[in-house]
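Asker: Provided below for reference: sequence and predicted model.
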Number of protein chains: 2
Amino acid sequence: MQYPEPITQLIASYMKLPGIGQKSATRLAFYTLGMDEEDVTGFAQALIAAKRDLQFCSICGNITENDPCIICQDTSRDQTTVLVVEQSKDVMSMENTHEYHGLYHVLHGVLSPLNGQGPDDINITSLVTRLQDHSDISEVIVATNANSEGEATAMYLARLLKPAGIKVTRLAHGLAVGSDIDYADEMTLIKAVEGRTEL
Amino acid sequence: MQYPEPITQLIASYMKLPGIGQKSATRLAFYTLGMDEEDVTGFAQALIAAKRDLQFCSICGNITENDPCIICQDTSRDQTTVLVVEQSKDVMSMENTHEYHGLYHVLHGVLSPLNGQGPDDINITSLVTRLQDHSDISEVIVATNANSEGEATAMYLARLLKPAGIKVTRLAHGLAVGSDIDYADEMTLIKAVEGRTEL
């Protein structure tokens, strides 16, 4: 016996989301049936609107409603520094620190030879073009994740950009603020010692 | 800084689903942006359709496109037995065994005094009316979950229906097929011994 068609369809749609299998999708679909009509309609509209109204900024690749995005349009920001991140979400994390006032560049991925993802598959070409066109950019801060793929991407960018006379830096590795040395893994401790600062 | 409005809306919608917090909702929203246009539109339509086209069967309370549902309409099924379950999903589980051929009744909940859920909050009145109107129903099998709330609901139904001369039974407790005695909890073992069958 099958569920009625509308619920089978909804289960199939939920299953297209990452980390949601048959059981979770079924649970979500039944939960949806019990939601307010208004919330469900709102959800459907939000899906359509997000797909229709959002685009990638033609300069930095960040997700935006208007092209170029508000960060690229903001002339009060430091135009000499570009912080390179993997995803649009990372821009938000950096912005929430309220301490970085330069520009961004979103790669939409990392170099990952194991997954067949090379330099041409991520947003690197547009970064190079951008640096060539705007000679006032003097520093590129690579803020990819602190794992092997993020490291490889950082190394690749450094080799690519340094010959053009651009300073390429990487976010510091070390202990997370508030963390215990006890719980830190060995690699982090080694990096923390290597990157020690004078008091 | 805030995400663009369309994505904030989508995150808020995802957060209305059970077990999905801010982080997961953000991850799902960004994933949605990367999905095929077609899949996203399909998802939105599935949400609307599920809410619009599905209803509860006026006889058994099961989820259905047409009222009464196909099980209630099927005169070839055993009209003397009604199996009472907590949720529409449970009907599907029973149907998938292909061994039960009677009718169903979906409570849409269980008695749960701690959550303030009494007999009037679940689909019990319609069960009583149904039994009064159809004198050919001779047995009610209570298939609520094997936890304290499910047990309490079963006991309540037994007390309510027995005086009317209806046989009220409960699914057997015991070892799950394929399970190890080693891993069975004590309560299950006690029930398995109590309910032992002669070979």
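Answerer: Noted; the coordinates are in hand. Residues are numbered from 1 along each chain as shown, chains lettered A, B, ... in the order given.
Asker: all helices for chain A, in order.
Answerer: Taking DSSP state H, the helices of chain A run over residues A:5-15, A:22-33, A:37-53, A:70-73, A:88-95, A:125-133, A:148-161, A:186-194.
Asker: can you give the distance from the fifth one to the centre of its chain?
Answerer: Put plainly, it is helix A:88-95. 7 Å (C-alpha atoms, centre = their mean, to the nearest Å).
Asker: report all helices and strands that that helix contacts.
Answerer: Contact here means 3 or more C-beta pairs under 8 Å, 6 or more residues apart in numbering or on different chains; DSSP states H and E; on that basis helix A:88-95 packs against strand A:81-85, strand A:103-106, helix B:22-34. C-beta coordinates here come from the backbone N, C-alpha and C atoms, glycine included.
Asker: point out where chain A drops to low pLDDT.
Answerer: Residues of chain A meeting the criterion pLDDT under 70: A:1.
Asker: according to the record, where do the domains of it fall?
Answerer: A:5-53, A:76-170 (automatic domain parsing).
Asker: out of those, which comes closest to residue B:142?
Answerer: Taking C-beta to C-beta, domain A:5-53 is the member of those nearest to residue B:142, at 21.1 Å.
Asker: circling back to that earlier point, residue B:107 is nearest to which of the domains of chain A?
Answerer: Nearest to residue B:107, of the domains of chain A and by C-beta to C-beta, is domain A:5-53 at 13.9 Å.
Asker: quick one, phi/psi of the residue nearest in space to the middle of chain A?
Answerer: By C-alpha atoms, centre = their mean, chain A has its centre lying nearest to residue A:87, at 1.3 Å. Phi and psi for residue A:87, reported as degrees, to the nearest 10, are phi -130, psi 160.
Asker: and residue A:134, by the same measure?
Answerer: When quoted as degrees, to the nearest 10, the phi and psi of residue A:134 stand at phi -120, psi 90.
Asker: please verify my assumption that it contacts residue A:79.
Answerer: Yes - if you go by C-beta atoms under 8 Å, residue A:134 and residue A:79 touch, sitting 7.4 Å apart.
Asker: need the winner for burial among the helices and strands packed on helix A:88-95.
Answerer: Ranked by mean neighbour count under mean count of other C-beta atoms under 10 Å in any protein chain shown, the helices and strands packed on helix A:88-95 are led by strand A:103-106, which reaches a mean of 25.
Asker: can you list the strands that that one pairs with?
Answerer: Next to strand A:103-106 in the sheet, as set by DSSP bridges, lie strand A:81-85 (parallel).
Asker: the strand it pairs with vs helix A:148-161, what angle?
Answerer: 150 degrees (axes from the mean of the first three to the mean of the last three C-alpha atoms, to 10 degrees).
Asker: right, so the helices of chain A: which one is the most enclosed?
Answerer: Taking mean count of other C-beta under 10 Å, helix A:5-15 is the most buried of the helices of chain A, at a mean of 20.
Asker: list the contacts of that one.
Answerer: Residues outside helix A:5-15 that contact it (C-beta atoms under 8 Å, 6 or more residues apart in numbering or on different chains): A:2-3, A:20-22, A:24-26, A:28-30, A:32-33, B:39, B:42-43, B:46-47, B:49-50, B:52-54, B:63, B:65.
Asker: now stretch A:106-119
Answerer: By C-beta under 8 Å, 6+ apart, the list of residues contacting stretch A:106-119 reads A:56, A:60-63, A:84-88, A:90-91, A:121-124, A:127, A:144-145, A:149-150, A:152-153, A:156.
Asker: span of that stretch from start to end?
Answerer: 13 Å (C-alpha to C-alpha, to the nearest Å).
Asker: residues in contact with residue A:143?
Answerer: Residue A:143 makes contacts with A:83-85, A:90, A:94, A:170-171, as judged by C-beta under 8 Å, 6+ apart.
Asker: between these, which is closest to chain B?
Answerer: residue A:94 (9.3 Å; C-beta to the nearest C-beta).
Asker: do you know how far the closest one is from residue A:83?
Answerer: Taking C-beta to C-beta, to the nearest Å as the measure, residue A:94 falls 6 Å from residue A:83.
Asker: what touches both of these two?
Answerer: Both residue A:94 and residue A:83 are in contact with A:100, A:104, A:143, where contact means C-beta under 8 Å, 6+ apart.
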